[in-house]
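1. sequence? don't have it. structure:
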């Protein structure tokens, strides 16, 4: 089913299409993990947590295992900003692998 966009205004369409439930995706949520024995708290919007959970399930990993794997491969290039790495990974995943 195609969605008709008036005046090619994608942002306006997305905001009008948000239901009350979908607005909660914008709310940041903190989650705690242990990475190589060190406790860390990561704060991401719920929409990113949903993508990460789907990715972990697809890879047959627990969410903490996947977070650690992303940490090990991404953190070197991003000066220790794990939340930023996770957001970029989510965007890349959605752009490359989502149907």
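-> Sure thing, it's come through. Keep in mind that this is a model prediction, so the values were computed, not measured.
2. and the lengthiest helix in the chain, which residues are buried?
-> Longest helix of the chain, by residue count under DSSP state H: helix 82-97. Residues of helix 82-97 classed as buried: 82, 83, 85, 86, 87, 89, 90 (neighbour count, 16 or more other Cβ atoms under 10 Å). Just so you know, the C-beta spots here come from the backbone N, C-alpha and C atoms, and that holds for glycine as well.
3. out of the residues you listed, who's nearest residue 22?
-> Nearest to residue 22 among the buried residues of helix 82-97, counting by Cβ to Cβ, is residue 90 at 16.5 Å.
4. that closest one - nearest residue in space that isn't next to it in sequence?
-> In space, and not counting its chain neighbours, residue 90 is closest to residue 51: 4.2 Å by Cβ to Cβ, 6 or more residues apart in numbering.
5. how about residue 61, phi and psi?
-> phi -120, psi 150 (degrees, to the nearest 10).
6. does it touch residue 69 like I think?
-> Yes - Residue 61 is within contact range of residue 69, at 7.1 Å (criterion: Cβ atoms under 8 Å).
7. now do the shared contacts for those two.
-> By Cβ atoms under 8 Å, 6 or more residues apart in numbering, residue 61 and residue 69 have no common neighbours.
8. can you get me a residue count around residue 66?
-> The number of residues packed near residue 66 is 20, by other Cβ atoms under 10 Å.
9. just checking, it touches residue 59?
-> Yes - between residue 66 and residue 59 there is a contact under Cβ under 8 Å: 6.2 Å.
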